[in-house]
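Peer 1: Below are the sequence and a predicted model for it; my questions follow.
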Amino acid sequence: MDRNGKIYILPTRFGVVFFIGIVLMLLVGATYSNNLVNMLAFFLLAIAFVAMVQTHNNLKNIKLQKVSVEPGFAGSTVSLTTALENTGTAPRFNLEVRAQKMKFDREPENAQPLQARATLRFKSEYFAETRGRYPLKRLKISTIFPVGLFYSWMWIPTDETYLVYPQPKGDQPLPSTKLESFAGPHALTTRGGDDFYGHREYRPGDPARRIDWKAFARGRPLLVKEFDEGDPAAVVFDYDQLQGMTQEARLSQLAAWVESAKQQRLSYALRLPHVVVPAGDDYQHYLRCLEQLALFPAEPTSPSDKIRGERTRGRLSP
Amino acid sequence: MTRAPGKQLQLLLLLIVSFNVIPHTFELPPWITATSISFLLWTALHLFKNVTLPPTWLRAIFVVAGGVGVFFQWHTIVGQEPATGLLVYLASLKMLEATRYRDAMYVIFTSYFLLMAHLLTSQSLPSTLYMGLDVLLITALMFQLHKRDRRTSPRSLRPAMRLLGVALPVWIFLFLVFPRFSAGLWRLNAPPPTQTGFSDDMSPGDVEKLIQSDEPAFRATFTGGEPPSPIDLYWRGAILYSADGGLRWSRNGAEPDTDRFVRAPGLSGPRVRQEIVLEPAFKKWLFALDFPREIEFDDPLRHSQVRRRPGMIFEVSKEIGSRTIYQASSSRETPAQALSIFDRKLYLQLPSDLTTDVIELAQRLNADTDSSTRARVDRVMRFFDDEEFRYSKEPGALKTGLLREFLFESKVGFCEHFAASFATLMRLMKVPARVVVGFQGGIYNGFGRYVLVRSLDAHAWAEVWDESQSRWLRVDPTATIAPLRLRVGGDYNLVDSRDLAAGVSEEMIRNGFGRGWATRFSWRARLAWDAAAMRWNNFLLKYDFQFQQELFAKLGLGEANRWIFFLWLAAGLLLFAILLQTALRLKAKKEDPLLDGYHRFCSRCAQAGLPRLSQEGPLAYSRRLIARYPDAAIEIEQLMREFITLRYGRTTQADPTTTTTRRARAFQQKSRRFMLPKEPTN
C-alpha cells in the first residue's frame, strides 16, 4: 500500500471529451453502417489506448536526484529546484514537478526533454504565505505526454524543509544603538541565562570543555557551544526595543532592518528574547539572522503544551 | 504542462483545419464555403501580417449569424447536412481565437469530426487514403502540442512513430473484433448524394444527362462463370409504359399488373448470378443483367426494402444513399408470361398529340401480309435504316416537340429517341410495346474480374409483346442505326460528333484514336486502380457482423458469437469490478470519517515500522511515535489532539453536529495525507 513511487493515471478533461467523441463516431458508424467511420473511431480508440500506456511509461524509471528550496520572504515566493534522473533508455517529455499542497506562483518552465540516462533540473516557484519552517513533504511528478488525453503522476517523498522569512515591513529608522553601548560582549551573551548563542557540530580538535555534554546526555550528537565576541561598532537590532507592536510586526520590522543593513553593508547583531546572533556583515550572517526571525516561536503556546494540559485536567482516557 | 500554442503551432492548426474543410467546400451552400474561407484567410493574415483579430462581440455575432443561417438554409439543425455545415462554419470561426491550449485541443477534435463528416458522404479508396493522411497529420499535431520540445529532429519524432506504430495493430485488432450491429433499431440509410443519376420516376432526360459523364455506375462480378460479351450486356433498370406525347415516355398513370409467369421449363434458360456494387446515385433502382428474377441483399434491413415491380424490375423503398451491394439472379431470355386485358390496353395506349402523317406511316408499315410481330419489327427497323437516321448524343431539342418532326425532319437522336419512336410506331401497329431504360455494355476489368458499367453506358431500348410465344421480345433500334454504339459500348458517347460524322471505326475508338502506348498504359493503370478500389469497397461493404463471424470461423475460433460474447463478458466483468471497487471506496468514505482517519493514520505509521500495540490508546501511541520521530512531533500531536477532542471530548459548540462532522472530515483528510519521514531523525 505504499503510495510513494507508484504511478497513477487518469483521463484528463480532454480525454473524457475525446472518449465521448469516439462513442459518438461509433454510433454514427453503426447508424449509417459506414465502415470507414468505424475505422476512424477505432483508430482514435487505438491512439487513446496507446497514449494511455505511453503517458504511464513517461514516468517510469524517474528518480529524484536532488531537491532544494531557496527560502523566501512571506508574501513573495520560494523556489523549488529539483534534479530528476532518467535511468530508463528512452527520453521523457513534458514533465512537471511540483510540491504537494503549495500554490504555484508561475507555471514551471522547462521545455527540455529529459534524455535517457541523463539528469535535468526543474524549477518552480510557490507563494510563501507565513513565516516559519515547513516540511516539503512530497513532490508530485506528472505528465500529459504524448497527446494530453491522460494525466499521470507519482509522489516522491522528501525530508526536505524550507524556510519562509517574515515579510520585511516597517517604517522605523535603523537603530543607532551600538554593541559597545552594552556592557561589553558578555553582557550581551549572558542574557537570558544562556551563555552561548548557538551550537555547531563537533569537529575533531575542539576543546572538550566547549562540548555541550548536557545535550549529549539527552541523546543528541556531540555539539560544540559557540561564543562570539562580535564587532563593537556593529548596530544592534533589539526585539525588546520595539515596543507597542504585535510580535509579527516586530519581526517584520527586524527583517526590514536586516535587509537594509545588508544593502548598506553594515555590521549588525540581532537580539531576540531567547537567542542572540552576534555581529557580522557577511551573507551567512544575513541568512542566520533571517532564519532566527523565521523560527521565532509563535505567540500561542505550542500544541504539546496543550495536550499535556488536557491530560492533567483528566479529560482523557487512554 | 499545458501551454498555449505558439505561432508555429497556430499555423499548423490553420493548415489542418483548411485541409479538413476542403472536401466539404463543394458540397455546402456557397455562403458557408465563402464565410469559412474568409475566416481562415483572416487567421492567415493575422499570423503572417499581424492583422487584428475580430473582437469578442463580433465573434459572438458570427456564431449567432452562422446558426441562424444554417437554420434558414435547411429549416433544421439536426441531420447530416446542416450539422456538417455548422461544423465547417464553426471550425473556421474557432481558428480566429485559437490562441489557448484549450482552443487548440478543441480545434483538433473538430478536425476529426470534419473528417468523419466527409467519410459519411464518400466511402471510397481515395477517401480512405485521405483519411489515413489526415489522421496522421492531426495526431502528429496533437503530439507536437504536448511534446513541448520544439525541435523536430528525426530522433525527436521517434515517440510519435512509436505511438502510431503501436496504435496500428491495436487498430486492426479493434476493427476486426469489435462487434458490429448488422441491423439495429437506430439503423438509418444515408441520405442520397446530390449527384445526377436516374431520378425517382426515370424521367426521359435521365439518359441524356447520364451519357455525358464517365463516372462509375456499378460494378458487377459474375459469380457463376465468365461474363457474356459486352455487346450482350443489357442491364435492366426500369420500364416506361406511358407514352406522354412527342418523344416523352414515363411511368405516369396506373401501373401494369404484376408479372404472371407461365411455367415453361427451358424457355427462360439458365440463371446467371451476379454480385453488383451500386454507386449511390441511382436513388432506388436496382440494376441487373437482362431479366432479373431475384435480388437479394446480405443486409437484412436493405433486404426488407426490396420491392418487385411489374416488368421484371426491382426497386428499394428507401433511397440508396451509400454504396450498396446485392446479389442478382437473371434469366438471359424473357420467360413466358400472361398478358392481362388491362395490361394489353395499357401497353397499347397512344399519345394524344399524334399527327396524321405518323398514323399514316404506321398504317403503311403495317400493310403487309406477314403480320407476325417479328415482321412488323423488321419493317420499322428497315424504315429507320432507309431513311438514314443518325445517332448523336447531342441531337438538340425538337422545335415543335412532336413525333413527326423527329420521324420526318430532324432524323437525329440517341437511343432514347429511337426507343420511344419505335415503341410508339409499334403501338400504332397494335403491338403492345414499352421502353426499357438501363445500361448497355461495360468494361471487363481483368485485374478484378468484374464488369465496370459507367454512367455513359446508360441506354434505352424497347420491348414488344410477341403474341405467338407469349413473351416480351427485346428490340434495340440503336443496333440498326448505330451498331458501333453497341460494339464499343458507352465509349461511343465520348466520341466527338464531328468525328462521328466523318465516320469512325471500332478500332479507332478502342485505341483512343491512335494515341499510342501512353494512352494504353494510362488505361491499364486506370483499370488497375479501379480494381483496387473495387476490392477495397467490397471489403468495407462486406465487413459486417456476418463477415466477422465467418472470419472467426476461418481462423478456427469456432462460433464467433461465442468469442465476441466472451470478450464482452470479460470487459463487462472488469468494468463491474472497477465500479464495485469505487462503490466500496465511496461507502468506506461514508463510514465514520473520524475512525477512518485514525485507522489510516495508524496503518501509515505501521508501514513506517512502528505499529500501534493493541493495548495502546491514541495518546500513548502518539508519545511513542514522537519519541521516534521528533521531526514530525508537531504534526502527530496536532492530529492526535484533534482526534481525542473529537472522539472523547465534550461538544460545546452551538451547532454541535455539523461542526463536529466538518472537523471530523478535516481530520480524515489530514490523516490521509499524513506521512512519516522515511528515516527517524534524532
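Peer 2: Thanks, I have the structure now.

Peer 1: Can you name the residue of chain B nearest to chain A?
Peer 2: B:G617 (3.3 Å; Cβ to the nearest Cβ). In short, each C-beta sits where N, CA and C put it, glycine included.

Peer 1: Give me the neighbour count for that residue.
Peer 2: By the measure other Cβ atoms under 10 Å in any protein chain shown, the count of residues near B:G617 is 15.

Peer 1: Against B:C602, how distant is it?
Peer 2: Relative to B:C602, B:G617 is positioned 12 Å away (Cβ to Cβ, to the nearest Å).

Peer 1: Centre-most residue in chain A?
Peer 2: A:Y162 (3.4 Å; Cα atoms, centre = their mean).

Peer 1: got any ranges where chain A has weak pLDDT?
Peer 2: Applying pLDDT under 70 to chain A flags residues A:1-4, A:101, A:103-111, A:178-198, A:205-207, A:209-210, A:225-233, A:299-318.

Peer 1: Kindly recompute the last result at 50.
Peer 2: A:1-2, A:183-195, A:229, A:301-318 (pLDDT under 50).

Peer 1: Domains in it, by residue range?
Peer 2: What automatic domain parsing lists as the domains of chain A is A:1-164, A:179-196+A:228-294.

Peer 1: Check chain B too.
Peer 2: Looking at automatic domain parsing, the domains of chain B come to B:7-147, B:205-497+B:507-520, B:591-673.

Peer 1: Reformat these as JSON lines; add distance to B:W529 and mean pLDDT.
Peer 2: What follows is those, written out as JSON lines (distance: least, Cβ to Cβ, whole Å; pLDDT from 0 to 100):
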{"stretch": "domain B:7-147", "distance to B:W529": "8", "mean pLDDT": "88"}
{"stretch": "domain B:205-497+B:507-520", "distance to B:W529": "9", "mean pLDDT": "79"}
{"stretch": "domain B:591-673", "distance to B:W529": "64", "mean pLDDT": "79"}
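
Peer 1: now those in CSV, with distance to A:L59?
Peer 2: Below are the domains of chain B laid out as CSV (distance: least, Cβ to Cβ, whole Å):
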stretch, distance to A:L59
domain B:7-147, 14
domain B:205-497+B:507-520, 45
domain B:591-673, 21
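
Peer 1: on that earlier part again, the host helix or strand of the residue nearest to the centre of chain A - contacts with which helices or strands?
Peer 2: Assigned by DSSP states H and E, A:Y162 belongs to strand A:161-165. In terms of contacts (3 or more Cβ pairs under 8 Å, 6 or more residues apart in numbering or on different chains; DSSP states H and E), strand A:161-165 is packed against strand A:72-73, strand A:132-135, helix A:283-294.

Peer 1: what about 6 Å?
Peer 2: Under the contact criterion of 3 or more Cβ pairs under 6 Å, 6 or more residues apart in numbering or on different chains; DSSP states H and E, strand A:161-165 touches strand A:132-135, helix A:283-294.

Peer 1: In the longest one, which residues are buried?
Peer 2: Counting neighbours by 16 or more other Cβ atoms under 10 Å in any protein chain shown, one finds that the buried residues in helix A:283-294 are A:285-286, A:288-290, A:292-294.

Peer 1: So A:D171: helix, strand or coil?
Peer 2: With DSSP: H, G, I helix; E, B strand; the rest coil as the basis, A:D171 sits in coil.

Peer 1: neighbours around it, how many?
Peer 2: 6.

Peer 1: hang on, the earlier thing: tell me the spacing between the residue nearest to the centre of chain A and B:A336.
Peer 2: 102 Å.

Peer 1: likewise B:R673?
Peer 2: When B:R673 is compared with B:A336 (using Cβ to Cβ), they lie 92 Å apart.

Peer 1: Among these two, which residue is more densely surrounded?
Peer 2: A count of neighbours by other Cβ under 10 Å puts B:A336 above the other of B:R673 and B:A336, at 16 against 13.

Peer 1: Wait, that one touches B:F291, no?
Peer 2: No - at 11.8 Å, B:A336 does not count as touching B:F291 under the criterion of Cβ atoms under 6 Å.

Peer 1: what's the closest non-adjacent residue to residue 275?
Peer 2: Here I'm looking at chain A. A:Q292 (5.9 Å; Cβ to Cβ, 6 or more residues apart in numbering or on different chains).

Peer 1: That was the other one, I meant chain B.
Peer 2: B:T221 (4.6 Å).

Peer 1: Check the secondary structure at the one you found for me.
Peer 2: Under three-state DSSP, B:T221 comes out as strand.

Peer 1: same question, A:A90
Peer 2: Assignment for A:A90 (three-state DSSP): coil.

Peer 1: Which residues are in contact with the closest residue to it other than its chain neighbours?
Peer 2: Nearest-residue entry for A:A90: A:A116, 5.7 Å, with adjacent residues in sequence omitted and distances by Cβ to Cβ, 6+ apart. Taking Cβ atoms under 6 Å, 6 or more residues apart in numbering or on different chains, we find A:A116 in contact with A:86, A:89-91.

Peer 1: Give the next helix or strand downstream of whichever strand or helix holds B:L584.
Peer 2: Assigned by DSSP H and E, B:L584 belongs to helix B:560-590. Sequence order places helix B:593-607 as the next helix or strand after helix B:560-590, per DSSP H and E.

Peer 1: ok, and what's touching that following helix?
Peer 2: Identification of contacts with helix B:593-607 by Cβ under 6 Å, 6+ apart yields B:612, B:643, B:646, B:664-665, B:667-668, B:671-672, B:674.

Peer 1: Buried ones in that helix, by neighbour count?
Peer 2: B:593-594, B:596-598, B:600-602, B:604-605.
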